[in-house]
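Novice: build me a model from this:
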Amino acid sequence: MPDVRQALASDHRAIVECVQKWWSDSRTPDQARELSLLLPKLFLQFFSSTSLVLEDDTGITAFLVGFHSADNEDEAYVHFVGVNPKLRGQGVARRLYTVFLQRAAEAGRREVRAITSPANTGSIAFHRAMGFDLEEGDREFDGLPVHSDYDGPGQDRVCFYKKIASRAQT
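Specialist: Presented below is the predicted three-dimensional model:
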């Protein structure tokens, strides 16, 4: 399997195209385009060193966009992960997360956070399998703690966190 590499600002167009293509099986073209808007170029301009890409001779096959908090030196955040549907269920996302978690620990981070929609059962199951805990919310949905209006009116989210052992040099 190819090595995980640091994302580059020049990967932006290809990543957006991947999102629009890879999510077209579960969304309309307009919905897939809207989803890709969660990845403005600024993420790869300012957080490329903490974002990851897997590629082969056909191009990008998976990516993780994440960053270390500028306001809390103990935290890192996974913003968006995409895996080519042909590779799903083969441990590719787990591999990206593992590299991100290792690098966050090496940078002195002690906790990694992520969020998802309460309806995204696959993401919820994945994060739980990766050892993420659910953050207490202000209400429950299908037995899950939910943060109402987290991303705006009607945009509820399930919030995850995972404690990691910092490996920063002191």
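
Novice: may I see the buried residues of the lowest-mean-pLDDT helix or strand in the chain?
Specialist: In the chain, no helix or strand scores lower on mean pLDDT, DSSP states H and E than helix 29-36, which sits at a mean of 84. Within helix 29-36, the residues that count as buried by 16 or more other CB atoms under 10 Å are 32, 35-36. Bear in mind the C-beta positions are built from the backbone N, C-alpha and C, glycine included.

Novice: check stretch 13-25 too.
Specialist: Neighbour-count burial for stretch 13-25, counted by 16+ other CB under 10 Å, picks out 15-16, 18-20, 22-23.

Novice: and the residues you listed, which is closest to Asn84?
Specialist: Trp22 (6.1 Å; CB to CB).

Novice: is it true that the closest one touches Pro85?
Specialist: Yes - look at Trp22 against Pro85 with CB atoms under 8 Å: they come within range, at 5.7 Å.

Novice: helix, strand, or coil at Arg13?
Specialist: What DSSP: H, G, I helix; E, B strand; the rest coil gives for Arg13 is helix.

Novice: quick one: pLDDT of it?
Specialist: As predicted, Arg13 sits at a pLDDT of 96.
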